[in-house]
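*Asks:* Return a 3D structure for these sequence lines:
(one chain, ligands or ions: 1)
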Amino acid sequence: METKPSPDPERYCYDPVLRWDPQVEDYFNKAYGPDHFAQISKALTRPSSYSCIRVNTVKTTSDAVIEKLTKILNESDDGLKLLQSDGRSSPISKCQIPGLEYVVFVHGSGPHRIEYGAGLESPPKEVLVSRKCAEAVLRGAQVYVPGVLACTAHVEKGDAVAVCVAMEQPGDDEGDWSVNMTRGTTLQDPFYCERSGLYIGMGTTMLSRAGMFRVPHGVAVDLSNRVFRLPSFHNVLEGEIFLQNLPSIIAAHALDPQKGERILDMCAAPGGKTTAIAIRMNDEGEIVAADRSHNKVLDVQKLSAEMGLSCITTCKLDALKSVRLPNALSDSTTLVNGDNIGSVTNHSDLSSNEEMAPGRSEAEENASTEQPSGGDNVSQAEIRKNKGRLKNGRGRTQSQGGRAGKSQGFPPNSFDRVLLDAPCSALGLRPRLFAGLETVISLRNHGRYQRKMLDQAVQLVRVGGILVYSTCTINPSENEAVVRYALDKYKFLSLAPQHPRIGGPGLVGRCEFPDGYVEEWLKPGEEEMVQKFDPSSELDTIGFFIAKFSVGPKD
Ligand SMILES: C[S@@+](CC[C@H](N)C(=O)[O-])C[C@H]1O[C@@H](n2cnc3c(N)ncnc32)[C@H](O)[C@@H]1O
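*Replies:* This next block holds a predicted model:
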C-alpha cells in the first residue's frame, strides 16, 4: 500500500521571515546592531500578545468594562479557548502603570503549534489568503471572503483546511516584488515551497471553493485553531471602549493636556489620540482635530459622537498649510460665516451617530446646536465656546452634518499644545509580514515630509506651550533625525520630560550612508528624554516614538 507523506513540520508552521530592501536592512542593522534588528524584525511578524483597551471614563469605568468583557469572553467559543489556553485566572487585567488604570489588557496566547495533518490521510486542503487578510487574522479577525486568493481544487463547505499566506516574492528587477497569483487560482502543488512557514491556522470552510470566489462578502473559513489566539472586540461596547495600542495612549499622556486648554491635533484621523486627549481633559476645553482627508475627518466626527465627547471640533486641513497666511484672514471671514478662526465642526450638541448622518441640512444642524446645555455647572469649555460665538458670530461652531469644514489654517501661537502624530512609514505596526517596498530614499522622504509639518506645528504653539511629535515607525530618519532637525533649527525648543516614561531610549549618534548622505540623531543626554517603544522589548508593543518639546520664547 502506498504510504501518504505526513505533513512536514517545517513547512506547516508559522515562522515567517520579514523581507526588507537590502539597503534598508543595512541601515537598520547599523542603527540597532544586527542581532537587535533581527529580534525587532521577528517581533514585527507577530501580533502583540495582548489587546489593549482604553476605557471611555466619560461614560463608564474600568471595572464595569472588565465585568462586561469577562461575560462576553465566557459566552463565546473563542473566549473560552482563550481562558483555557491562558493559564491564569482571567486573561483580563487593569494596567498597573500609575495613572493608566483606565487601560485594560486582554491577554491572548501563542504561537501555538498546530497539527495540520491530524486525522487526515493526505496533506490538508489549503486556503491561501492575502497578506493584509493574514495580518488581520493574526490580530484576531475572521477569514473573510475578499481576503481569499486561492484554494485547493474540490474544496467543499465543511472541509478542514489549512490557511496560509500569499507572500510577495522578488521579481526579476531589483525592488520588484509581486504575489504572482490571481484571485481564484487553484492551488495545484501541495508542497509548493513559497508557503513554507506561512501557516496561520486550521479551520472549517463555510463555503465551497466556487462560493468563496462568487459571493462578495462573508466568512470564508471558521478558523477554530489559530497560531495566535487574540480576542476580537470588533463592534463590542461601542462608545465605551476603544482598542488602542499602549504607546498611542502614552502619547496622549505625554501631551499632558489640561482642562480648558486649546489643543490642536494636526493629523487626527481616525481620532484615537484625539479622543484619548479629550478624555484626559475630562471633555473640558477645545480640541481642534484636523486631517487632510475629508472622509477621515468624518471618521473623527463619528468616533467623537460615539464616545459622547463634546470638546472636539474637526476640520479638513493640510498640515503643511496649518499656519494661516496673513492675507487669508479676510478670505476665511467671508467664506465661513464671519469666522476668523477657520471652518470647524463642533460635536458638542450631537448625541448620536444618527445626527451625523450625511444629508442632514445645515439648518437642521444649527437648530440642534442651539439647544441650551442642561445643568447648573457651566464648564470652562462652555464659557470659551460662548466667548468664541460672541467674538466670531454665530456659525463657527455649527455642525455641518456629515461634512468636514475646510480650514484656512490658524494664526501663529494660537494653541496651548499641539500633537503632531505624523503620517509615517508605519514600520512599527504589528503584525507585519512584508516590508520590502520601503527604500532608504522613501524612508528619507517620509522624514522630509514630517519636518515640513513640524515647521508648521512649531509656529502654532504659544510660548510656554507644548509640542508632541510621534510616529509608529522604527525608522530613525522619521524619529531621532526629525528631533535633531527641530532642536537644531528652533533654539527655543527643548526636550521635555514625559510622564509616564515606559519606552526605551532613542538612538544617539549619526549614520553615514553609502551615497554620502549623513543623518544626525540625538546627542548624548537627549536619548532618555524621548520614548522609543521597541517591538522586541518586554512591553510587547508596536514600534513607536514620542518626543515632547517645551516651547520657549520665540525671537
Ligand atoms: C498616523 S495617522 C494619525 C492617527 C491618529 N492620530 C490617531 O491616533 O487616530 C496619520 C494621519 O495623517 C493624515 N495626513 C497625512 N498627510 C496629511 C497632511 N498633509 N495634513 C493633514 N493630515 C495628513 C492621514 O490622513 C492620517 O489620518
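
*Asks:* tally of neighbours for the closest residue to the ligand within the stretch 101-250 of the chain?
*Replies:* In the stretch 101-250 of the chain, the residue that lies nearest the ligand is Ser248 (5.5 Å; C-beta to the nearest ligand atom). Every residue, glycine included, has its C-beta placed from N, CA and C. A count of nearby residues for Ser248, using other C-beta atoms under 10 Å, gives 22.

*Asks:* and the lengthiest strand in the chain, which strands flank it?
*Replies:* Scanning the chain for the longest strand, with DSSP state E as the assignment, gives strand 461-471. Under the criterion DSSP bridges, strand 461-471 sits next to strand 415-421 (parallel), strand 544-551 (antiparallel) in its sheet.

*Asks:* Doesn't the residue of the stretch 101-250 of the chain closest to the ligand belong to a helix?
*Replies:* Yes - residue state for Ser248 (DSSP: H, G, I helix; E, B strand; the rest coil) corresponds to a helix.

*Asks:* quick one: it and Gly271 touch, right?
*Replies:* No - Ser248 is beyond contact range of Gly271, at 11.2 Å (criterion: C-beta atoms under 8 Å).

*Asks:* still on that earlier bit, list the buried ones in the longest strand of the chain?
*Replies:* Burial within strand 461-471, assessed by neighbour count using 16 or more other C-beta atoms under 10 Å, is assigned to 461-462, 465-471.

*Asks:* That one near the ligand anywhere?
*Replies:* No - under the criterion of C-beta under 6 Å from any ligand atom, strand 461-471 makes no contact with the ligand; the nearest approach is 7.4 Å.

*Asks:* Rounded mean pLDDT for that strand, please.
*Replies:* Averaged across strand 461-471, pLDDT comes to 98.

*Asks:* Which is the succeeding secondary structure element to that strand?
*Replies:* helix 480-489 (DSSP states H and E).

*Asks:* Show me how far that following helix is from its chain's centre.
*Replies:* Once both centres are worked out by C-alpha atoms, centre = their mean, to the nearest Å, helix 480-489 turns out to sit 24 Å from its chain's centre.

*Asks:* Which neighbours in the sheet does the next helix or strand after that helix have, and how are they oriented?
*Replies:* Scanning forward in sequence from helix 480-489 by DSSP H and E, the next helix or strand is strand 493-495. Partners of strand 493-495 in the sheet, by DSSP bridges, are strand 544-551 (antiparallel).

*Asks:* and the angle from the strand it pairs with to helix 480-489?
*Replies:* Taking axes from the mean of the first three to the mean of the last three C-alpha atoms, to 10 degrees, one finds that strand 544-551 is oriented at 10 degrees with respect to helix 480-489.

*Asks:* SS state for the closest residue to Val143 other than its chain neighbours?
*Replies:* On the basis of C-beta to C-beta, 6 or more residues apart in numbering, the spatially nearest residue to Val143 that is not a chain neighbour turns out to be Val221, at 4.1 Å. Counting by three-state DSSP, the backbone at Val221 sits in strand.

*Asks:* who touches Val221 in this structure?
*Replies:* When contacts are counted by C-beta atoms under 8 Å, 6 or more residues apart in numbering, Val221 is found next to 127, 142-143, 148, 161, 163, 203-206.

*Asks:* Could you do Ser536 as well?
*Replies:* For Ser536, the contacting residues are 36, 39-40, 42-43, by C-beta under 8 Å, 6+ apart.

*Asks:* circling back to that earlier point, can you say which of the strands paired with strand 461-471 is nearest to the ligand?
*Replies:* Distance to the ligand, taken as C-beta to the nearest ligand atom, is lowest for strand 415-421 among the strands paired with strand 461-471, at 3.6 Å.

*Asks:* pLDDT averaged over that closest one - what is it?
*Replies:* Per-region confidence: strand 415-421 scores 98 on mean pLDDT.

*Asks:* Give me the residues contacting it.
*Replies:* Looking at what lies outside strand 415-421 - C-beta under 8 Å, 6+ apart - the contacts are 248, 251-252, 255-258, 261-268, 273, 277, 288, 319, 450, 453-454, 457, 460-462, 465-471.

*Asks:* quick one: Gln531 from the ligand, how far?
*Replies:* Using C-beta to the nearest ligand atom, to the nearest Å, Gln531 is found at 16 Å from the ligand.

*Asks:* ok, now Ala64?
*Replies:* Computed as C-beta to the nearest ligand atom, the Ala64 to the ligand distance reads 24 Å.

*Asks:* and that residue, that's in a strand?
*Replies:* No - according to three-state DSSP, Ala64 belongs to no strand; its state is helix.

*Asks:* what's near enough to touch it?
*Replies:* With contacts defined as C-beta under 8 Å, 6+ apart, Ala64 has no neighbours.

*Asks:* one more time with 10 Å, if that's ok
*Replies:* Contacts were defined as C-beta atoms under 10 Å, 6 or more residues apart in numbering; by that measure Ala64 touches 55, 237, 240.

*Asks:* Let's see if you can find the most crowded of those residues.
*Replies:* Sorting the contacts of Ala64 by how many neighbours each has (other C-beta under 10 Å) puts Val55 first, at 24 neighbours.
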